[in-house]
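**Q** Got a sequence here, can you model it:
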Amino acid sequence: MNLTKYLYIDYISHNQLDIRIEHGGLFEDFEHHCNIQNELERNKLEEETIYLFPGTTVPRFKAKEKFNFTILPKKATIAFIPPADLIPRTNDHLFKRDVYKMKSDDFKHWLRYINHPKETRFKMLVDANDFSHVYIKSSIASEFYYRSPKDPSGNVQTGLQLYTSDGSWAIKQGYAQGSRTLFIVPINSKIKSLSDNCLVYKQDELLKYINEDSIIIDKEKYQDLVLMCASEDDASIIMTMELLANSNYEKSFMYILMILKKYGKSFIKYKEFNHVNFKSLLSYFNLDKESVKSMSLMTLTNILKDNKKFTRANVQAITTLCTVDYINFDNANIKQYYIPGPCLKIEAEEFDS
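**A** Numbering: from 1, shown residues only. Alright, predicted model coming up:
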């Protein structure tokens, strides 16, 4: 993994700051730091030993049945990572914290001015590691913008706003607009034991092969499943969900997507919706509970484009499911592809073969 070293200042309580060196990186650069690869070939799986990162929704029993599988990162030659929002916040694995970026010199000057007891340690760590910036807990920016820990009266001469070379409102604006996010890999994390030669992929690269020998939902099976869902019979709907979750995602792609569009909202109330198999299915389509509740035309369009299935035939199939939806045809993204109907624009391009 391509982890970086940085200084993180956490807020504990009034006048108490925890200053420490962490390894990880900005969450927005997550894929870069994890050195995530693209396009995993099926035959490569036969030669590798697989490790699943914490938070993956890949059914482990299926991975064990089909491939060489290990629970020890140090033995893995290939690893799969979940979407960033599924990574658990634990002391042993990747997690994230809301932070704000500030120049080291600015924070150093502030600590010196208020005679903070951690000022000497902070200066030593910054100078020894050549940190140009540090990351501070957003609560620090909020709590001490106008005052210092030693000045609860709010004297403006002691606030952080006096020590921002980027401008007096830099911290306050950064806090108000939303803090950055870091991920941290603790020193004792098992993830650090991954070999430098271990390749990391998104879990979707494994999901598309995990059910490759499973049932394929064709037009006839799709019509049967539609009838089962339309019956509103609980047993039939649960059976449909199980069939979808255990089908060949790649070869059943459009029919799965169409069923999720028509009936996904009604699936949510069943406990099977939270089963690892069904979560794997949703992850493959980059969906979650909220997006399943209302699958808009652009949501469907983006799913097709992200999976390189944006063909005229597929677009025609999804537009027929959106005829009763409210669609803002003045929206720039919608206007790029569709006219009222909705119908695909004749001049629309960027189709996949």
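
**Q** longest helix anywhere in the protein?
**A** Taking DSSP state H as the criterion, the chain has its longest helix at helix 253-267.

**Q** list the buried ones in the helix or strand that comes right after that one?
**A** Downstream of helix 253-267, the first helix or strand assigned by DSSP states H and E is helix 276-284. For helix 276-284, the neighbour count (16 or more other C-beta atoms under 10 Å) marks 277-284 as buried. Every C-beta, even on glycine, is put in place using the N, C-alpha and C of the backbone.

**Q** can you redo those as CSV with distance to residue 212?
**A** Output for the buried residues of helix 276-284, formatted as CSV (distance: C-beta to C-beta, whole Å):
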residue, distance to residue 212
277, 15
278, 18
279, 19
280, 13
281, 14
282, 19
283, 17
284, 13
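
**Q** Please tell me the pLDDT value assigned to residue 153.
**A** In this model, residue 153 is scored at 58, pLDDT.

**Q** Point out where the stretch 251-353 of the chain drops to low pLDDT.
**A** The stretch 251-353 of the chain contains residues with pLDDT under 70 at 348-353.

**Q** Go again with 50.
**A** 353 (pLDDT under 50).

**Q** quick one, helices of the stretch 101-250 of the chain?
**A** In the stretch 101-250 of the chain, the segments counted as helices under DSSP state H, counting those that start in this stretch are 104-113, 119-129, 138-143, 170-177, 204-210, 219-230, 234-245.

**Q** Out of those, flag the one nearest residue 47.
**A** Of all the helices of the stretch 101-250 of the chain, helix 204-210 sits nearest to residue 47, with 13.7 Å by C-beta to C-beta.

**Q** can you pull the buried residues of that closest one?
**A** For helix 204-210, the neighbour count (16+ other C-beta under 10 Å) marks 204-210 as buried.

**Q** which strands and helices sit next to the longest helix of the chain?
**A** Contacting helix 253-267 under the criterion 3 or more C-beta pairs under 8 Å, 6 or more residues apart in numbering; DSSP states H and E are the following elements: helix 219-230, helix 234-245, helix 289-293, helix 297-306, helix 312-320.

**Q** hmm, who's touching it?
**A** Applying C-beta atoms under 8 Å, 6 or more residues apart in numbering, the contact partners of helix 253-267 are 217-219, 221-222, 225-226, 229, 237, 240-241, 244, 247, 249, 273, 278, 281, 285, 287, 292-295, 300, 303, 307, 309, 314, 317-318, 321.

**Q** Now do that helix: distance to the chain's middle.
**A** On the basis of C-alpha atoms, centre = their mean, to the nearest Å, helix 253-267 sits 22 Å off its chain's mean C-alpha point.

**Q** Report the inter-axis angle for it versus helix 297-306.
**A** Going by axes from the mean of the first three to the mean of the last three C-alpha atoms, to 10 degrees, helix 253-267 is angled at 140 degrees with respect to helix 297-306.

**Q** and the angle for helix 253-267 with helix 312-320?
**A** Counting by the same axes, to 10 degrees, helix 253-267 lies at 20 degrees to helix 312-320.

**Q** In contact with the closest residue to residue 134 other than its chain neighbours, which residues are there?
**A** With C-beta to C-beta, 6 or more residues apart in numbering as the criterion, residue 134 has its nearest non-adjacent residue at 4.4 Å, and that residue is residue 7. For residue 7, the contacting residues are 19-22, 104, 122, 125-126, 129, 131, 134-135, by C-beta under 8 Å, 6+ apart.

**Q** What residue spans form the domains of the protein?
**A** What automatic domain parsing lists as the domains of the chain is 4-29+95-184, 34-92+187-210, 219-344.
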